[in-house]
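**Q** Based on what follows, work out the 3D shape:
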Amino acid sequence: MPMRDLVSWTAMITAYEQAEQPDKALLLFQHMQLHGVLSDSVTIVSVASAVGQLGLIKRAKIVHSCAICNGYLKYLSVGNAIIAMYAKCGNVSLPRLVFDLMEERDVISWNSIISGYSQNGQASEALFLSEVMLDSEAYTNPVTKLIHGFCLWLFRLSTSTKEIPRFCYKRIKIDANLCNALMDMYVKCGDLDTATRLFNDIPPTERNITSWNVLISGYGMHGYGKEALNLFSQMQQTGIKADHITFTSLLSACGHAGLINEGRKCFAEMKKHSVSPRVKYYACMVDMLGRAGLLNQAFDIVQQMPIPKNDGVWGALLLACRIHGDTELTELAARNFEKLAMAFGIMKIDPEMSVQVTNNLRICNDCYSAFKFVSYVYGRKVVVRDAYRFHHFQDGTCSCNDYCNFLASSLAEWRRRQKGQVEALAPQKW
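**A** This next block holds a predicted model:
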């Protein structure tokens, strides 16, 4: 475009933010400022959402300052966006300050601050604000109902059991979606019987895929793998099509109950239901086989994955290897974990901060080379703590000047030679 105005910049920033590409949204916002284009309240809302996705508290304070300096906090949408942004960054004191200073509040304002407290583990404060809202004339929509149920779960089971009747029957109509949320709460509180009763109270014609998924997941979480499979069979008879959450819950249930053959069948049935492979499925399979001590089969699953592996897959393999004492596979999984930790740090940590990785084993040659390469290409400082010392990688070099890598290579070569000599001296089989 030869000419770009505020609407053009804001539209692109919003598009990146909604496409879950917050890095590009913030970069475009910086370019907009360099071109001398002043932002408006709509721009700030999109930028705040992007910062919240990244969880960068420093950037959040900058956006907040920008909103204050330009007088945008008088807009309700901006105040709500700032509250949600801080909550996603793990800070609840600053959004509460914004909330208290708001001249006008709507249901989104209440939902954002209550959700922020509950997501950051402050359930009692979230419950208190929920009660304040319910006692006031503030309108409560389905989102508020779900958040309130989640707060009650976080608080404690006894509290939720006592508070739910008032919560449910004060201007609120019970529907399938609300029952699903309450079922999920009771499942996570350990009260599977109440969750089952709630499921049975939903008319069969109103049960949706979420209703079935919550109870299937609940059975698996509580160790009732066969019951989860039976419920899945009932769901198929009703004609409801399974989704990716259903199979994740089934594989997890089979893993916790030791139902290896049933788990394999579920994994094979995904193709029949047109469910595309996801990393979670493979992580569940690795966990299931690892729990049963079938480490070689679990490793084969990892090796044959047609999609990129993540920390969940390697973490499941690493845990299984440690439980069953397989040192070779443990070391292999740990090495891949190092690289994943570094990649996660580069994506999530502020570029001005160093990426820190901890490993309880000696750093391997492969990881050593990867850390050097990444520190040079991305211009980031990577600090690695292995079993013996710290390594500071910056601009493609290590603080040890490759001395540790040389020792590791020499030791590996010596071990190979020793192994060759032992095999040469071993008696021949005729």
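**Q** rest of the way, CA atoms for contacts and neighbours
**A** Noted.
**Q** Give me the most central residue, the protein.
**A** G312 (10.3 Å; CA atoms, centre = their mean).
**Q** My guess is that one contacts A283. True?
**A** Yes: using CA atoms under 8 Å, G312 makes contact with A283 at a distance of 5.9 Å.
**Q** Now C179. Nearest residue, chain neighbours left out?
**A** Spatial nearest neighbour of C179, chain neighbours left out: L198 (6.5 Å); criterion: CA to CA, 6 or more residues apart in numbering.
**Q** Show me the contact partners of the helix or strand harbouring the one you found.
**A** Using DSSP states H and E, L198 sits within helix 192-201. Residues outside helix 192-201 that contact it (CA atoms under 8 Å, 6 or more residues apart in numbering) are C179, N180, L182, M183, D184, Y186, V187, S211, L215, G218, Y219, H222.
**Q** rewinding a little: please tell me how far the residue nearest to C179 sits from N230.
**A** Applying CA to CA, to the nearest Å, the value for L198 to N230 is 18 Å.
**Q** between these two, which one's more packed in?
**A** L198 (18 against 12; other CA atoms under 10 Å).
**Q** any chance of the contacts of helix 192-201 in a markdown table, plus secondary structure, pLDDT and distance to S46?
**A** Formatted as a markdown table, those follow (DSSP: H, G, I helix; E, B strand; the rest coil; pLDDT from 0 to 100; distance: CA to CA, whole Å):
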| residue | secondary structure | pLDDT | distance to S46 |
| --- | --- | --- | --- |
| C179 | helix | 83 | 33 |
| N180 | helix | 86 | 31 |
| L182 | helix | 82 | 32 |
| M183 | helix | 87 | 34 |
| D184 | helix | 84 | 31 |
| Y186 | helix | 84 | 35 |
| V187 | helix | 87 | 36 |
| S211 | helix | 93 | 33 |
| L215 | helix | 94 | 36 |
| G218 | helix | 92 | 37 |
| Y219 | helix | 93 | 40 |
| H222 | coil | 90 | 41 |
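**Q** Closest one to A11 out of those, please.
**A** Proximity of these to A11 (CA to CA) peaks at N180, which lies at 36.1 Å.
**Q** Apart from its chain neighbours, what residue comes closest to the closest one?
**A** Leaving aside its sequence neighbours, N180 sits nearest to S211 (CA to CA, 6+ apart; 5.4 Å).
**Q** if we can go back for a sec, put the alpha carbons of the helix holding L198 into CSV.
**A** Extracted in CSV, the C-alpha atoms of helix 192-201 (Å, rounded to 0.1, in the frame of the first residue of the first chain):
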residue,chain,number,x,y,z
LEU,A,192,-17.3,-38.4,40.8
ASP,A,193,-20.7,-39.5,42.0
THR,A,194,-22.2,-36.0,42.0
ALA,A,195,-20.7,-35.4,38.5
THR,A,196,-22.4,-38.6,37.3
ARG,A,197,-25.7,-37.5,38.8
LEU,A,198,-25.4,-34.2,37.0
PHE,A,199,-24.7,-36.0,33.8
ASN,A,200,-27.8,-38.2,34.3
ASP,A,201,-29.9,-35.1,35.0
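**Q** quick one: buried residues of that helix?
**A** L192, A195, T196, L198, F199 (16 or more other CA atoms under 10 Å).
**Q** helices and strands of this structure: which one has the lowest mean pLDDT?
**A** Least confident helix or strand of the chain, by mean pLDDT, DSSP states H and E, is helix 157-169 with a mean of 46.
**Q** Now do the same contact list for L26.
**A** So L26 contacts I13, V47, A50, V51 (CA under 8 Å, 6+ apart).
**Q** could these go into JSON lines alongside distance to D40 and pLDDT?
**A** JSON lines is the format used below for those (distance: CA to CA, whole Å; pLDDT from 0 to 100):
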{"residue": "I13", "distance to D40": "12", "pLDDT": "92"}
{"residue": "V47", "distance to D40": "11", "pLDDT": "94"}
{"residue": "A50", "distance to D40": "16", "pLDDT": "92"}
{"residue": "V51", "distance to D40": "17", "pLDDT": "92"}
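**Q** Which one (most neighbours) among the residues you listed?
**A** Most surrounded of those: other CA under 10 Å gives V47, at 28 neighbours.
**Q** Surely it is within a strand?
**A** No: applying DSSP: H, G, I helix; E, B strand; the rest coil, one finds V47 to be helix, outside a strand.
**Q** Output stretch 241-253 as CSV - backbone C-alpha positions only.
**A** The C-alpha coordinates for stretch 241-253 follow below in CSV (Å, rounded to 0.1, in the frame of the first residue of the first chain):
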residue,chain,number,x,y,z
LYS,A,241,-19.2,-38.0,16.9
ALA,A,242,-16.0,-38.2,19.0
ASP,A,243,-13.4,-35.4,18.8
HIS,A,244,-9.8,-35.0,19.7
ILE,A,245,-10.6,-34.3,23.4
THR,A,246,-12.5,-37.6,23.5
PHE,A,247,-9.5,-39.7,22.3
THR,A,248,-7.1,-37.8,24.6
SER,A,249,-9.3,-38.7,27.6
LEU,A,250,-9.6,-42.3,26.4
LEU,A,251,-5.9,-42.8,25.9
SER,A,252,-5.2,-41.2,29.3
ALA,A,253,-7.8,-43.4,31.0
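**Q** Mind listing what's buried along that stretch?
**A** The neighbour-count check on stretch 241-253 (16+ other CA under 10 Å) flags A242, D243, H244, I245, T246, F247, T248, S249, L250, L251, S252, A253 as buried.
**Q** Distance from it to the middle of the chain?
**A** Mean C-alpha position of stretch 241-253 versus that of the full chain (CA atoms, centre = their mean, to the nearest Å) differs by 18 Å.
**Q** ditto for stretch 236-247
**A** In terms of CA atoms, centre = their mean, the centre of stretch 236-247 is found 24 Å from the chain centre.
**Q** try stretch 94-106
**A** With CA atoms, centre = their mean, you get 28 Å for stretch 94-106.
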